[in-house]
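Q: Got a sequence here, can you build the structure:
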Amino acid sequence: MAPVVVFGPVSLVNGKVLFSDFFIKPNYSADLTELTGKLSAFSSQPAGSEPVLADLELRGRAEGSASLEITGKLNPLAKPLALDIVGKVRDLELPPLSPYSVKYAGHGIERGKLSMDVSYKVLPSGQLTASNKLVLNQLTFGDPVEGAPNSLPVRLAVALLADSHGVIDLDLPISGSLNDPQFRIGPVIFKIIVNLIGKAITAPFSLLARAFGGGDELSSVAFAPGSATLTPEARQNLDKVAKALTERPALKITVTGTASLERERDAIQRERLQELVRAAKRRATPADTTPVQAAEYPALLKEVYRRADMPKPRNLVGMAKDLPVPEMEALLLAHLPAATEDLATELATHRGQAVKAYLAEQKLPDERLFLAAPKTTAADDKWTPQAQLSLATQ
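A: Got it, this is the predicted structure:
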C-alpha cells in the first residue's frame, strides 16, 4: 500500500509567478504578482476512499493591472484530480496576447481588455464540467499579418458579437473526462472560439442569434410565389434583423432579391392579373388605398374582363356572356402575354427593394443599407422565393 502524503497548510504572501511560453513566436511572457492567499491541509487518500478537499483562497494581479481571484476547494494529490473552484479576472490587457492571435487568427490585437468568471468542477469519476464567461471590452484587431499560418474573419466576428458599447459577452461551457488522454482544456476552449469566429463567414446570422434570437433563417426573407409583398412573418424576422443592426453599429447589410421564372411562371401571371384588378379599383375609387377585399373582387375582375381586348364567349344575341369568376380568371390569364425572364428580374428587384425599404423604415441609416443586383435562377426543388441578406463591416 502506498504511503499517505500529507501536505499543508500553506500561506502565501506577496508571491510572484513568472510565466514564459517559448513555443510561440515571438515568445510570450506574463507575470503574476502580489499573490496572497492560503491553502488548508490536504493529503493523498488510500484507494477507494473519498479525497479530503483543501480550502483555497488566492488573490493577486496579472500583468500589473488585472485583478485575479481564485477560491474553492481542491486536492491536487487525488487521482483523478479533485477540484471545485471559481475564478475571476478583471481588466486584463489583451495586446500582449498578440503572438497567439497572430498564430491562430492572422491578426494582432491593437486594443482591448478581458474580464472573465470561470467555474471548474471535477467529479470523483474524473468528469470535468466547466463554465467560462468572458467579457471582451473594446476588442480591436490590427491588419492581417503577412505570412501568418491562419487568417480568420476576426473583424467581422467582432462586429457581429460586440454590442453598441463595444462589449462582447461569451459563455463557453466545456465538459470532458480527465481520464481521456486526448482531452486538454486549453485546446477545447480554443476550438470553441475558432469555430465561433469561423461562423462569421459560414453562418453570420447565427452569431447575431446569440443575442437577439432567431438563427440562420434570418439570412433570407421569404416571399409568396410571384409576390414582392412582405408577409407578417417576414416583417417579424426583419424586425429582429433591424434590432440587431441597431445594436451592432459596425455592420452593414446587403439585400439581394431573387426570383425564378421556371418555378414562378404561373404565380407571376396570376400576380399580373391581381395588379390589373388593383388598377381597376384605383380607377373606380382613387381615394381608397386599402387592399382589394373578397366582397369587391368579383365586380372588379368583371371590369377587367370587360376592358380586355380578347375573344369572349357570346350569348345567343351576340353579347358577351356573364361568366363565373374562375372562368374569367382562366380566360384573362390565357390572354396575358407570356411571362419572360425580364419579368422575373423585375420581381427579384422589387423583392430586394421591399426588404431594403422596410429596414429603412426601422430607422437604419441609409449608408448601412445596400441593394445588390437582382438574381434570377433556374431553381432546384429546394429553392423558395426569397431575398437574401448578407453582412459585412465595409
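Q: Show me where the stretch 151-300 of the chain has its strands.
A: 167-171, 174-177, 220-222, 252-259 (DSSP state E, counting those that start in this stretch).
Q: tell me what the second one is packed against?
A: The elements that strand 174-177 packs onto, with contact taken as 3 or more C-beta pairs under 8 Å, 6 or more residues apart in numbering; DSSP states H and E, are strand 127-144, helix 185-202. All C-beta atoms are positioned from the backbone trio N, CA, C, and that covers glycine.
Q: Now M328: which helix or strand?
A: helix 325-335 (DSSP states H and E).
Q: quick one: low-confidence ranges for the stretch 1-150 of the chain?
A: 1, 46-48 (pLDDT under 70).
Q: mind listing the strands for it?
A: Using DSSP E, counting those that start in this stretch, strands in the stretch 1-150 of the chain cover 6-7, 10-21, 28-39, 42-43, 54-62, 66-75, 82-93, 107-122, 127-144.
Q: In terms of residue numbering, what are the domains of this protein?
A: 6-202, 212-394 (automatic domain parsing).
Q: Columns mean neighbour count on top of the ones you listed, output as TSV?
A: Formatted as TSV, those follow (neighbours: other C-beta atoms under 10 Å):
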stretch	mean neighbour count
domain 6-202	15
domain 212-394	16
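Q: Let me have the helices and strands packed on strand 174-177 in CSV, adding distance to L323 as columns.
A: Compiled in CSV, the helices and strands packed on strand 174-177 are given as follows (distance: least, C-beta to C-beta, whole Å):
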stretch, distance to L323
strand 127-144, 68
helix 185-202, 54
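Q: Now V135: closest residue in space that isn't a chain neighbour?
A: Leaving aside its sequence neighbours, V135 sits nearest to S115 (C-beta to C-beta, 6 or more residues apart in numbering; 4.5 Å).
Q: residue contacts, the one you found?
A: S115 is in contact with K88, V89, R90, D91, L92, L134, V135, N137, counting by C-beta atoms under 8 Å, 6 or more residues apart in numbering.
Q: Quick check: chain neighbours aside, which residue is closest to the second one?
A: Okay, so that is V89. Closest to V89 by C-beta to C-beta, 6+ apart is M116, at 5.1 Å.
Q: so who does the one you found touch?
A: Contacts of M116 (C-beta under 8 Å, 6+ apart): G87, K88, V89, N132, K133, L134, V135.
Q: do S29 as well
A: S29 touches L18, F19, S20, D21, counting by C-beta under 8 Å, 6+ apart.
Q: The last one touches K103, doesn't it?
A: No. With contacts defined as C-beta atoms under 8 Å, D21 does not count as touching K103, sitting 10.8 Å away.
Q: List the contacts of the spatially closest residue to V17 that is not a sequence neighbour.
A: Using C-beta to C-beta, 6+ apart and skipping the chain neighbours, the partner closest in space to V17 is L32 (4.1 Å). For L32, the contact set (C-beta under 8 Å, 6+ apart) comprises K16, V17, F19, G60, R61, A62, L68.
Q: 7 Å - rerun?
A: Residues near L32 by C-beta atoms under 7 Å, 6 or more residues apart in numbering: K16, V17, G60, A62, L68.
Q: Which of these sits closest to E346?
A: E346 has its nearest neighbour among those in A62, at 61.1 Å by C-beta to C-beta.
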